[in-house]
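> sequence first, then the predicted structure:
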Amino acid sequence: MRLYRFVVVLLFAALSACGDSLRFEPLPAGTVVLAFGDSVTYGTGAGRGEDFPSRLAELTGWHVRNAGVPGETARAATARIADALAETGAAIVIVELGGNDFLQRRSAADVKEDLRTIIRSARDAGVMPVLVSVPQLSILGAVTGRLTDSPIYAELAEEERVLLVEEVFADVLSDASLRADPIHPNAQGYRVLATRIAEALERAGLLDRR
């Protein structure tokens, strides 16, 4: 598995150098994937088995391990990423973090650097990172149902040449029928989140559902 993860990262590096569009080879069924994040990854707001990692496993045939910790910040997560990767032996890690940092009014620049640390820790471990954009804190956006991604995610994805899943989490939280509360999806919201993540992975070539 360690050799396989190393090959995945080498392939990522080669393809990243080929142009602006990141393209990959499909990962086979049974591939171990780590979902690393906060309460949204954990599944707060829905029942057991309704979280997005569980739904993503159903859609992909991958073994998606849920490493979501409610209340976790990107800053705190930097201390556990290495152990989480070592324990699971994942080929890729899907990173969904930053929302709690924004709620604590941490600067976007600091959150961005913590996410960069997590991404680089994954690469150092031979694991390919995938980044999920999180909405920027906006009371007006929450009230009007027009939340938008924080710009740090697109910036970081471009700087680090990371596959970005964007405009998904914000869309879910902008729809009252898809959320359990202002910051968490409900069961249907997690289903939509998983479906949209799977679609992004499929467009990038990581997933082949034919």
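Good, I have the coordinates.
> spatially nearest residue to residue 190 (excluding sequence neighbours)?
Ranked by C-beta to C-beta, 6 or more residues apart in numbering and with sequence neighbours excluded, the top spatial neighbour of residue 190 is residue 52, at 4.6 Å. Yep, even glycine has a C-beta here, placed from its N, CA and C like the rest.
> and if you look at residue 111?
In this structure, residue 111 finds its nearest non-sequential neighbour in residue 101, 4.5 Å apart by C-beta to C-beta, 6+ apart.
> host element of the one you found?
helix 99-103 (DSSP states H and E).
> what residues does that helix touch?
Helix 99-103 is contacted from outside by 38-40, 71-75, 108, 110-111, 114, 134-137, 150, 183, using C-beta atoms under 8 Å, 6 or more residues apart in numbering.
> also stretch 115-132?
2, 5-6, 8-9, 12, 34, 36-37, 74, 77-78, 81-82, 85-86, 90-98, 152-153, 156-157, 159-160, 162-165, 168-169, 197, 201.
> and the residue nearest to residue 111, how far is that from residue 26?
Look at residue 101 and residue 26: by C-beta to C-beta, to the nearest Å, they are 33 Å apart.
> same thing with residue 200?
Computed as C-beta to C-beta, the residue 200 to residue 26 distance reads 14 Å.
> higher neighbour count, these two?
Neighbour count, other C-beta atoms under 10 Å: between residue 200 and residue 26, residue 200 has more, with 19 against 16.
> not counting its neighbours along the chain, what's nearest that one?
residue 165 (4.4 Å).
> residue 34 too?
residue 90 is the one closest to residue 34 (C-beta to C-beta, 6+ apart), at 3.8 Å.
> now the one you found: which helix or strand?
Remark: residue 90 resides in no helix or strand, with elements defined by DSSP H and E.
> any idea how far it is from residue 199?
21 Å.
> the two: who's more crowded?
The residue with more neighbours, out of residue 90 and residue 199, is residue 90; 28 against 15, by other C-beta under 10 Å.
> what sits against that one?
Contacts of residue 90 by C-beta under 8 Å, 6+ apart are 5, 32-34, 65, 127.
> try 6 Å this time
The neighbours of residue 90, taking C-beta atoms under 6 Å, 6 or more residues apart in numbering as the test, are 32-34, 127.
> now the residue nearest to residue 34: phi and psi?
Dihedral angles of residue 90 (phi, psi; degrees, to the nearest 10) stand at phi -70, psi 150.
> same question for residue 65.
Torsion angles, degrees, to the nearest 10, at residue 65: phi -90, psi 130.
> give me the number of residues near it?
18.
> ditto for the one 3 residues further on
A total of 20 residues lie near residue 68 under the criterion other C-beta under 10 Å.
> what does residue 176 give?
9.
> now do it against residue 185, distance only.
Distance of residue 176 to residue 185, given as C-beta to C-beta: 11 Å.
> still on that earlier bit, so which of the contacts of residue 90 comes closest to residue 207?
Distance to residue 207 across those (C-beta to C-beta) is lowest for residue 33, with 10.3 Å.
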